[in-house]
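In: Sequence below, structure please.
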Amino acid sequence: MTSPVYLNALRAFEASARHQSFSAAASELNVTPAAVGQLVRSLEEWLGAPLFHRSNSGRARLLPTETAQRALPDIREGFDRLNLGLMRLREGSANGVLTVTVSPAFAAKWLLPRIDRFQAAWPDTDVRLDTSLKPLDFAAQAIDIGVRYGMGAWPGLLAEKLLDEELYPVCSPALLASHPGVRKPADLAGLTLIHDQSMESHAGFATWDAWLRAAGIRGIATRRGLRINNSAAVLQAAIDGQGVALGRSIMARDDLATGRLIRLFPDMTLASDLAYYVVYRAESATSPKLVAFRDWLFEEASVG
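Out: Reported below is the predicted structural model:
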């Protein structure tokens with residue numbers, strides 16, 4: 001009962017039971033409904049008992065028998081264990097490849113300017129960067145480790161806080177030179193505000209409205225201005241003199257250090273409710289390449 005044929009039959013049975021449909025199971029498994037039906041019948045013949053109550057009408061045309069229902073949790077756990085074993089085999093044969101997921105903006109403004117130091121310290125580890133804001137299945141997509149911006153909780157992942165963040169207005173030296181009267185927050189009235197919409201749907205993501213409230217400023221219209229859904233592009237627009245951006249301290253750090261941006265009202269700041277976290281699967285926590293990269297991230301964060 002351990003041959004590939006019966007493993008395929010068990011997969012066909014599990015998918016059919018979950019979808020209550022041979023057709024839906026076939027779509028998931030990328031085979032024909034007839035093939036799924038044949039696999040399930042071969043399993044039933046081997047067992048000498050039916051696995052489904054079949055009906056030609058009604059919404060539930062394929063219902064697992066009581067015996068099948070009792071067996072399904074163990075079968076699903078078995079597949080989960082098999083998948084975990086395969087992932088460990090793949091990790092062990094990856095020949096030093098480390099797949100890292102970060103947002104495009106974090107990659108551009110923080111990680112990429114520093115990554116050469118990791119590569120110099122670990123020349124046998126090849127970093128493969130996946131830049132995405134979308135939730136990813138680390139196991140299914142072979143992601144080793146990532147940095148995510150949020151409240152610190154992502155299903156199925158361990159999270160360790162890497163960096164806190166503050167928010168403050170920034171602009172180009174040229175823009176400030178052309179508006180020498182900008183000395184206090186109220187002087188922002190009349191200037192173009194650049195809005196970061198990369199995570200505007202996240203409840204904890206700070207906006208111009210939040211910063212102005214914290215500064216005690218009223219009467220500045222925030223509905224107008226330049227709106228961009230990438231934090232790195234927000235800062236680039238400010239560097240290009242397009243307006244004043246609400247800079248995120250981690251993203252803006254290097255641009256401030258080089259003088260491409262100037263921080264306005266340095267005595268005023270707003271702490272973000274969100275932070276940067278290193279995230280990875282618990283079962284991968286002892287992987288040497290993951291541990292090396294994780295430790296390097298925290299070393300870089302401590303340097304500033």
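In: The helix or strand containing residue 76 - contacts with which helices or strands?
Out: For residue 76, the host element (DSSP states H and E) is helix 66-92. Packed against helix 66-92 by the contact rule (3 or more C-beta pairs under 8 Å, 6 or more residues apart in numbering; DSSP states H and E) you find helix 4-19. Every residue, glycine included, has its C-beta placed from N, CA and C.
In: Now the helix or strand following the helix it packs on: buried residues?
Out: Next along the chain after helix 4-19, taking DSSP H and E as the criterion, comes helix 22-29. Across helix 22-29, burial judged by 16 or more other C-beta atoms under 10 Å covers 22, 24, 25, 26, 28, 29.
In: Mind putting those residues into TSV with pLDDT and distance to residue 281?
Out: Formatted as TSV, the buried residues of helix 22-29 follow (pLDDT from 0 to 100; distance: C-beta to C-beta, whole Å):
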residue	pLDDT	distance to residue 281
22	90	33
24	90	29
25	91	28
26	91	30
28	89	23
29	89	25
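In: The helix holding residue 76: how far from the chain's middle?
Out: Relative to its parent chain, helix 66-92 has a centroid offset of 25 Å by C-alpha atoms, centre = their mean, to the nearest Å.
In: right, and the helix or strand after it?
Out: Downstream of helix 66-92, the first helix or strand assigned by DSSP H and E is strand 97-102.
In: do you know how far the closest residue to residue 291 other than its chain neighbours is from residue 164?
Out: Of all residues not flanking residue 291 in the chain, residue 285 sits nearest, at 7.7 Å (C-beta to C-beta, 6 or more residues apart in numbering). Taking C-beta to C-beta, to the nearest Å as the criterion, residue 285 is separated from residue 164 by 23 Å.
In: could you give the angle of the worst-scoring helix or strand of the chain on mean pLDDT to strand 97-102?
Out: Within the chain, no helix or strand scores below helix 66-92, which has a mean of 79 by mean pLDDT, DSSP states H and E. Counting by axes from the mean of the first three to the mean of the last three C-alpha atoms, to 10 degrees, helix 66-92 points 110 degrees away from the direction of strand 97-102.
In: could you give the angle of helix 66-92 to helix 4-19?
Out: Interaxial angle, helix 66-92 versus helix 4-19 (the same axes, to 10 degrees): 120 degrees.
In: Show me the strands in the stretch 101-250 of the chain, by range?
Out: Along the stretch 101-250 of the chain, counting by DSSP state E, counting those that start in this stretch, strands occupy 126-131, 145-150, 158-163, 166-171, 193-196, 226-228, 244-248.
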